[in-house]
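**Student:** Pasting the sequence and the predicted model now:
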Amino acid sequence: MGGSVMDVVHGVLLVVGGLLVAVIGGRSWRRKSSAPVSAGPLWVVRCGALGWVLTGCSVASLGGYSLAGSEEDWPLGPARDAGLVLMLITPAVGGVVQLRRRYAARRGERDAPGRGRDAPGRV
């Protein structure tokens, strides 16, 4: 271990914080309503949840490597970066999808929810 008390506290906080972030991502994968960003279709929410899980797991493993006193493996850096990109992009994509649906519904277009051939009452 061979570090100061602050190094140990830092490592423990990274592990606990990373696991909490991964749990938030796992819960939002199962239930769309509990997602941190639940805007947009299910695939957008799932991409955001994957970003939360990737980021949380890589931060927790970074804390574990810190506690063990060794360097992190090379895949953890790109996994953390990919998770952060997914976490940052999915709210924007979800917002764009919702705006497109809202404007399509105002214009009465066919791709608006509930207006296509799948709408209830249509034959």
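**Tutor:** Ah, there it is.

**Student:** which residues touch residue 23?
**Tutor:** Residues in contact with residue 23 (Cβ atoms under 8 Å, 6 or more residues apart in numbering) are residue 56. Heads up, the C-betas are built off the backbone N, CA and C, glycines and all.

**Student:** if I look at it, how far off is residue 84?
**Tutor:** 18 Å (Cβ to Cβ, to the nearest Å).

**Student:** now swap in residue 105 and tell me
**Tutor:** Remark: distance between residue 105 and residue 84 (Cβ to Cβ) = 33 Å.

**Student:** Pull the residues that contact stretch 49-61.
**Tutor:** Stretch 49-61 is contacted by residues 14-15, 17-26, 28-29, 35-36, 72, 76-77, 79-80, 82-88, 90 when judged by Cβ under 8 Å, 6+ apart.

**Student:** run the last query once more with 7 Å
**Tutor:** Under the contact criterion Cβ atoms under 7 Å, 6 or more residues apart in numbering, stretch 49-61 has outside partners 14-15, 17-19, 21-22, 24-26, 28-29, 35-36, 72, 76, 79-80, 82-84, 86-87, 90.

**Student:** Buried ones among the residues you listed?
**Tutor:** Buried members of the contacts of stretch 49-61, counted by 16 or more other Cβ atoms under 10 Å: 14-15, 18, 21-22, 24-25, 28-29, 35-36, 72, 76, 79-80, 83, 86-87, 90.
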